[in-house]
Every structure is written in C-alpha cells, then in structure tokens.
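1. take this sequence and fold it.
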Amino acid sequence: QVQLVESGGGLVQAGGSLRLSCAASGGTFSSYTMGWFRQGPLKEREFVAAISWSGGSTYYGDSVKVRFTISRDNAKNTVYLQMNSLKPEDTAVYYCAADPWGGNRYYDSYEYDYWGQGTQVTVSS
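-> Take a look at the predicted model:
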C-alpha cells in the first residue's frame, strides 16, 4: 500500500513563497506519475501540477503556470511543489497524489489511486 505524506504548508503573506514536499513509501515511487491538487473553501478540487515518472514532463494548471514548479527526487521518494508569488486565492488544502499507471489524463483526479492527507496553505493579503 502506497502512503503519501505532505509537509511544508503554512501561513504566508501575499507575494511570498512556500515549498511543499510529499514523501512516498510502500510502493515503486520512481514509476509513478505524481500530481498536486488543491481544494479551497467551498471550491471543487483543482488540478495544480503533475510530473512524469522520470521528471522529464511537467504540467500545470492555468492559474499557477509560471509561479509554481513541480519537481521530484526519485532517490528520496519525494515530490516537491515550489510556490512563488503566492496570492490569497492560492489558499487551499494541497494534496499530493500518485498514479501508478501513467495515464495521459494527469489533470483528472480520478486517474490517481493514492492520496495524501493534505497540507493547509493560507495566503494573507
């Protein structure tokens, strides 16, 4: 069973930065597509970013392009989300997720079999 544990969330002022981490255990991390999703207050879960198993391909939601960067370290079984120029509308619980099958619908939460518990990010204005 794959377990994912996010960390790095917190309170930050608008314009600031945070780096989220997601540590994986119990599976073959290096073969998984990894994604980040978020869910703000009274909002649906939203795709943020995804990265292929090798790290060679990355994908971003329109609202975070340029500001956020996803990366992974397969030796450490960890995926990261560097968030810069944060805005109040980035406030949400951020979840990492693993897709063992490497499907093309990386933006679709139903493609992901394993999820972390989430970490809260709050951006103050």
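2. all contacts plus neighbour counts: C-alpha atoms, from now on.
-> OK.
3. can you tell me which residue is nearest the centre of the protein?
-> For the chain, W36 is the residue whose C-alpha lies nearest the centre (Cα atoms, centre = their mean; 2.2 Å).
4. tell me the secondary structure at the spatially closest residue to that residue that is not a sequence neighbour.
-> Using Cα to Cα, 6 or more residues apart in numbering and skipping residues adjacent in sequence, the residue nearest W36 is C96, 4.5 Å away. Following DSSP: H, G, I helix; E, B strand; the rest coil, we place C96 in the strand state.
5. OK, contacts around C96?
-> For C96, the contacting residues are L4, E6, C22, M34, G35, W36, F37, W115, G116, G118, by Cα atoms under 8 Å, 6 or more residues apart in numbering.
6. same thing with V12?
-> With contact taken as Cα under 8 Å, 6+ apart, V12 is in contact with L18, V121, T122, V123, S124.
7. show me what the second one is bridged to.
-> Pointing back at V121 there. G10, A92 (DSSP bridges).
8. ok, it to R67 distance?
-> Remark: distance between V121 and R67 (Cα to Cα, to the nearest Å) = 15 Å.
9. so for the two, which sits in the more crowded spot?
-> Higher neighbour count among V121 and R67: V121, with 22 against 13, using other Cα atoms under 10 Å.
10. any chance you could map the strands in the protein?
-> With strands called from DSSP state E, the chain shows them at 3-7, 10-13, 18-25, 33-39, 46-51, 58-60, 68-73, 78-83, 92-99, 114-115, 119-124.
11. export these as CSV, with columns for mean pLDDT and distance to R105.
-> CSV is the format used below for those (pLDDT from 0 to 100; distance: least, Cα to Cα, whole Å):
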stretch, mean pLDDT, distance to R105
strand 3-7, 98, 20
strand 10-13, 98, 29
strand 18-25, 98, 21
strand 33-39, 98, 11
strand 46-51, 98, 10
strand 58-60, 97, 11
strand 68-73, 98, 17
strand 78-83, 98, 19
strand 92-99, 98, 10
strand 114-115, 98, 15
strand 119-124, 98, 24
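12. so which of these is nearest Y106?
-> Y106 lies closest, by Cα to Cα, to one member of those: strand 46-51, at 6.4 Å.
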